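A.B. asks: Predicted structure and sequence below. I'll ask about it afterward.
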Amino acid sequence: MATANTRVVNGVNTRLLHNKDYVEVNERVRILHALRKSGEIKEFEMLKSEPFEIAGRLVWIVSAKVDGMLYIGNAEVKLDAPKNSPDGTNPFECAETSAFGRMLAFAGLGTVESIASYDEVMRGQPFTAVIEEPKNGNKVVEARQIEAPQPKVNPVAVLMLQAREANFVVGNTKEERIKSWNDRLRAVFQRDITDQDLYESEALQGTLRDAIERYVARNAAATSGK
């Protein structure tokens, strides 16, 4: 497994990996507590931390409000990870940690070069698998480098979850939520957009994500002004 040197960048403890500075989740948590203690962050409210099934895969979603602003992080639960890796022994805990770190990063806590935390990046690094085979009554041990499986999360499904968390899409039934979703897409893009169009275009995904964030910001401003 790749190793990383540590250094401090703008007061944030980082680990240097592949010539990029990554921040561990525990460092983001330390910064959160420090800012709350100093009064720079006045309110922090955890809203949700639980798994969702998306296109046959489990994704851990963490959402929280920081001074009235909603932030959401997600990470895949790697149930098919090799058993001698952290994800193989504790897939749900690893996913929750990564999702929590991403949520804090989106809130701007400990962000240096990447939204991804060091812990999350290391989940995708090659690890050493030990393979034992009986031969002539003895065991032959072989160590080889294997690439950890990479997450394959449907970005449209994640955007749908973010839209529902922010009440950007509403409805009590599946049909009502689908209608609300399609209405929102039409309003944002001023034309009919299919989920396939959205899936294939990172530009469209970014536009919709910005629209959701603006909606959350307007609601937060309206609430704080009451």
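C.D. replies: Thanks, I have the structure now. Residues are numbered from 1 along each chain as shown.
A.B. asks: just the helices in this protein please.
C.D. replies: 25-38, 86-89, 91-106, 118-123, 155-165, 174-189, 195-200, 202-224 (DSSP state H).
A.B. asks: Contact partners for the closest residue to residue 82 other than its chain neighbours?
C.D. replies: Excluding the flanking residues, the one nearest residue 82 by Cβ to Cβ, 6 or more residues apart in numbering is residue 88, at 5.0 Å. In short, each C-beta sits where N, CA and C put it, glycine included. Contacts for residue 88 were tallied using Cβ atoms under 8 Å, 6 or more residues apart in numbering; they are 78, 81-82.
A.B. asks: out of the residues you listed, who's nearest residue 67?
C.D. replies: residue 78 (32.7 Å; Cβ to Cβ).
A.B. asks: Skipping its backbone neighbours, what lies nearest that closest one in space?
C.D. replies: Per Cβ to Cβ, 6+ apart, closest to residue 78 is residue 87, 4.2 Å.
A.B. asks: Of the contacts of residue 88, which is the most crowded?
C.D. replies: residue 78 (24 neighbours; other Cβ atoms under 10 Å).
A.B. asks: What about it? Give its phi and psi, please.
C.D. replies: Main-chain torsions, residue 78, degrees, to the nearest 10: phi -90, psi 80.
A.B. asks: So that it lines up with my notes, have the first residue be 43 from now on.
C.D. replies: All right, first residue 43 from here; so that's residue 120.
A.B. asks: Tell me if I'm right that the residue nearest to residue 120 and residue 135 touch.
C.D. replies: No - using Cβ atoms under 8 Å, residue 129 makes no contact with residue 135, being 9.2 Å away.
A.B. asks: domain ranges for this structure?
C.D. replies: Split into domains by automatic domain parsing, the chain comes to 43-191, 196-268.
A.B. asks: can you put these in TSV and add mean pLDDT?
C.D. replies: Shown next, in TSV, are the domains of the chain (pLDDT from 0 to 100):
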stretch	mean pLDDT
domain 43-191	72
domain 196-268	85
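A.B. asks: Quick check: which of those is buried the most?
C.D. replies: Among these, domain 43-191 has the highest mean neighbour count (mean count of other Cβ atoms under 10 Å), at a mean of 16.
A.B. asks: re earlier: pipe the helices of the chain into CSV and attach distance to residue 93 per row.
C.D. replies: Formatted as CSV, those follow (distance: least, Cβ to Cβ, whole Å):
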stretch, distance to residue 93
helix 67-80, 18
helix 128-131, 14
helix 133-148, 7
helix 160-165, 16
helix 197-207, 11
helix 216-231, 19
helix 237-242, 22
helix 244-266, 21
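A.B. asks: Nearest to residue 94 among the ones you listed would be which one?
C.D. replies: Of those, nearest to residue 94 by Cβ to Cβ is helix 197-207, at 6.2 Å.
A.B. asks: residue contacts, residue 201?
C.D. replies: If you count contacts by Cβ under 8 Å, 6+ apart, then residue 201 has 240, 247, 250-251, 254 around it.
A.B. asks: Tabulate the contacts of residue 130 in TSV, adding columns for distance to residue 197.
C.D. replies: Shown next, in TSV, are the contacts of residue 130 (distance: Cβ to Cβ, whole Å):
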residue	distance to residue 197
120	18
123	22
124	26
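A.B. asks: Run through the bridge partners of the residue most central in space within the chain.
C.D. replies: Computing the C-alpha centroid of the chain and ranking residues by Cα atoms, centre = their mean puts residue 116 first, at 3.0 Å. Note on residue 116: beta-bridge partners by DSSP bridges are residue 103.
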